[in-house]
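Visitor: Give me a model of this one.
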Amino acid sequence: MKKTVLFVLLCLPFFLSAQVTNEGTPESWKWNTEKSIQSIQMPAFDLKALQDEDAIIDQLNDRPWRFGKEFVVNHHLNNAGEWNQLENGNRVWRIRYQSKGAVTMNFLFEDFYIPQGATVYLYNNERTDLLGAYDFNQNSDERVLGTWLVDGEDVWIEYHEPARVKNQGKLMIGKVVHGYRSQSQFAVEKGLNDSGNCNHDVDCPIGEFEDLKNHNKKGVGILLSGGSGFCSGSLINNTANDGTPYFLTANHCFSNPANWAFRFNWISPNPICASTANSTNGDITQTLSGAQLKARRAPSDFCLVEINSPIPSGWDVVWIGWDRTDDIPAKTWGIHHPAGDIMKVCVDDDAPGRLTQN
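Guide: Below is the predicted model of the structure:
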């Protein structure tokens, strides 16, 4: 007989260095003359049919919360997009996608290798939303990468390659995801404000757990699984206390972790407490891409991965602790992103039960 009891009790902070995403400026933004290129148009699809499916699937709670329609493509540096040669010998490759009506767009690279000094940025045509720079720190043995979301229906991908690493970079886009409901656009999304009434904005007071909650919320994240679904999870500590970026989530969220993307500290700046009014969106965009599977098990529905990149020190995150004892607390509380919603907290005033597995 095997007994499994896991309780979140404490968090320990770590401070590491890595390149922070969503900083810097794409090379083309510095050009005096705009050099536009023809966009690649994604085909129309039956949105109503997907929404009807979602109405059923969303009630099951046994899979990631779907937000997007995937389109399979095969676009790389040599068969699509446009190259521009710069006077200093560097080169810029850009490709532009449009998908009518998309709230967001995101991408899965089936081949991703960035040499040192080269960068990749994603941004919308209005230049109001920017992801990057992705650089050599995001390289992995599997040479794949899933991006976070860019707001809008007209999105550019830009690769800047220094002359000294000419032809060393490899980019192949395998999927374009049309986000038809999204965690970042609360006016039209289902994710924001879609959780149940028992979930309150994480900055709402919860009494005796308040201090622990305010610390632990820094370790909770939302992950993008499979390119088109959301799940919750948290950074989890190890016995070495060395800041290894382990991330614990549910097994029903599993897809290839190399394509996952993570977002931390997505918290409403104006918490809604003791009310069913809608939460307002948070503007912090702290994202990382890619992870490696460490362990997972279906009966207990857990999945442990290690994020490929260290967590930037400026993000002010913590690693959540755990307890192997059989002690059962009188009450519990939890922090998560239910149904892709902005970070929430809930309290259970009853003691948890014990699960015994053969």
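Visitor: ok, the residue lying closest to residue 228 once chain neighbours are set aside - contacts?
Guide: Of all residues beyond its chain neighbours, the one nearest residue 228 is residue 68 (3.8 Å), with distances taken as C-beta to C-beta, 6 or more residues apart in numbering. Heads up, the C-betas are built off the backbone N, CA and C, glycines and all. For residue 68, the contacting residues are 104, 106, 177-180, 227-228, by C-beta atoms under 8 Å, 6 or more residues apart in numbering.
Visitor: How are the helices of the stretch 151-300 of the chain distributed by residue range?
Guide: Secondary structure of the stretch 151-300 of the chain (DSSP state H, counting those that start in this stretch): helices at 210-216.
Visitor: mind showing which ranges of it have poor pLDDT?
Guide: Along the stretch 151-300 of the chain, the parts satisfying pLDDT under 70 run over 182-200, 202-203, 205-207, 267-285.
Visitor: Do a quick rundown of the strands in it.
Guide: Along the stretch 151-300 of the chain, counting by DSSP state E, counting those that start in this stretch, strands occupy 154-161, 170-179, 200-201, 220-225, 229-235, 246-249, 261-264, 286-289, 291-297.
Visitor: roughly how far apart are the closest residue to residue 84 other than its chain neighbours and residue 158?
Guide: In this structure, residue 84 finds its nearest non-sequential neighbour in residue 92, 4.7 Å apart by C-beta to C-beta, 6+ apart. Separation of residue 92 from residue 158 (C-beta to C-beta, to the nearest Å) stands at 6 Å.
Visitor: Let me know which of the strands of the stretch 151-300 of the chain is the nearest to residue 144.
Guide: Smallest distance to residue 144 across the strands of the stretch 151-300 of the chain (C-beta to C-beta): 8.2 Å, for strand 170-179.
Visitor: what lines up beside that closest one in the sheet?
Guide: Here strand 170-179 is paired, per DSSP bridges, with strand 68-76 (antiparallel), strand 104-113 (antiparallel).
Visitor: returning to that earlier point: what's opposite the residue nearest to residue 84 in the beta bridge?
Guide: On the basis of DSSP bridges, residue 92 is bridged to residue 84, residue 160.
Visitor: Go ahead and confirm it touches residue 81.
Guide: No - between residue 92 and residue 81 there is no contact under C-beta atoms under 8 Å: 10.0 Å.
Visitor: Turn the strands paired with strand 170-179 into JSON lines, including mean pLDDT.
Guide: As requested, the strands paired with strand 170-179 are exported to JSON lines (pLDDT from 0 to 100):
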{"stretch": "strand 68-76", "mean pLDDT": "96"}
{"stretch": "strand 104-113", "mean pLDDT": "96"}
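Visitor: Tell me which of the ones you listed sits most buried.
Guide: strand 104-113 (a mean of 23; mean count of other C-beta atoms under 10 Å).
Visitor: Now do it and strand 154-161, the angle between them.
Guide: With axes from the mean of the first three to the mean of the last three C-alpha atoms, to 10 degrees defining the directions, strand 104-113 sits at 20 degrees from strand 154-161.
Visitor: Could I get the average pLDDT for the helix or strand just after strand 104-113?
Guide: Counting by DSSP states H and E, the element after strand 104-113 in chain order, helix or strand, is strand 119-124. Averaging pLDDT along strand 119-124 gives 96.
Visitor: What is the burial count for the closest residue to residue 26 other than its chain neighbours?
Guide: Nearest residue to residue 26, sequence neighbours excluded (C-beta to C-beta, 6+ apart): residue 121, at 4.2 Å. As a burial measure, residue 121 scores 23 neighbours (other C-beta atoms under 10 Å).
Visitor: which ones are touching residue 307?
Guide: Residue 307 sits next to 245-247, 262, 288, 290-291 when contact means C-beta under 8 Å, 6+ apart.
Visitor: And those residues, which is closest to residue 38?
Guide: Taking C-beta to C-beta as the measure, residue 38 sits nearest to residue 290 out of the contacts of residue 307, at 30.6 Å.
Visitor: That closest one is in contact with residue 137, isn't it?
Guide: No - Residue 290 is beyond contact range of residue 137, at 9.8 Å (criterion: C-beta under 8 Å).
Visitor: Which one of those two is surrounded by more residues?
Guide: residue 290 (26 against 17).
Visitor: if we can go back for a sec, which of the contacts of residue 307 are the two that sit furthest away from each other?
Guide: 246 and 290 (14.0 Å).
Visitor: before we move on, back to that, mind putting the strands of the stretch 151-300 of the chain in JSON lines, mean neighbour count and distance to residue 47 included?
Guide: Formatted as JSON lines, the strands of the stretch 151-300 of the chain follow (neighbours: other C-beta atoms under 10 Å; distance: least, C-beta to C-beta, whole Å):
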{"stretch": "strand 154-161", "mean neighbour count": "23", "distance to residue 47": "18"}
{"stretch": "strand 170-179", "mean neighbour count": "22", "distance to residue 47": "9"}
{"stretch": "strand 200-201", "mean neighbour count": "21", "distance to residue 47": "30"}
{"stretch": "strand 220-225", "mean neighbour count": "26", "distance to residue 47": "20"}
{"stretch": "strand 229-235", "mean neighbour count": "23", "distance to residue 47": "17"}
{"stretch": "strand 246-249", "mean neighbour count": "22", "distance to residue 47": "28"}
{"stretch": "strand 261-264", "mean neighbour count": "24", "distance to residue 47": "23"}
{"stretch": "strand 286-289", "mean neighbour count": "23", "distance to residue 47": "26"}
{"stretch": "strand 291-297", "mean neighbour count": "15", "distance to residue 47": "31"}
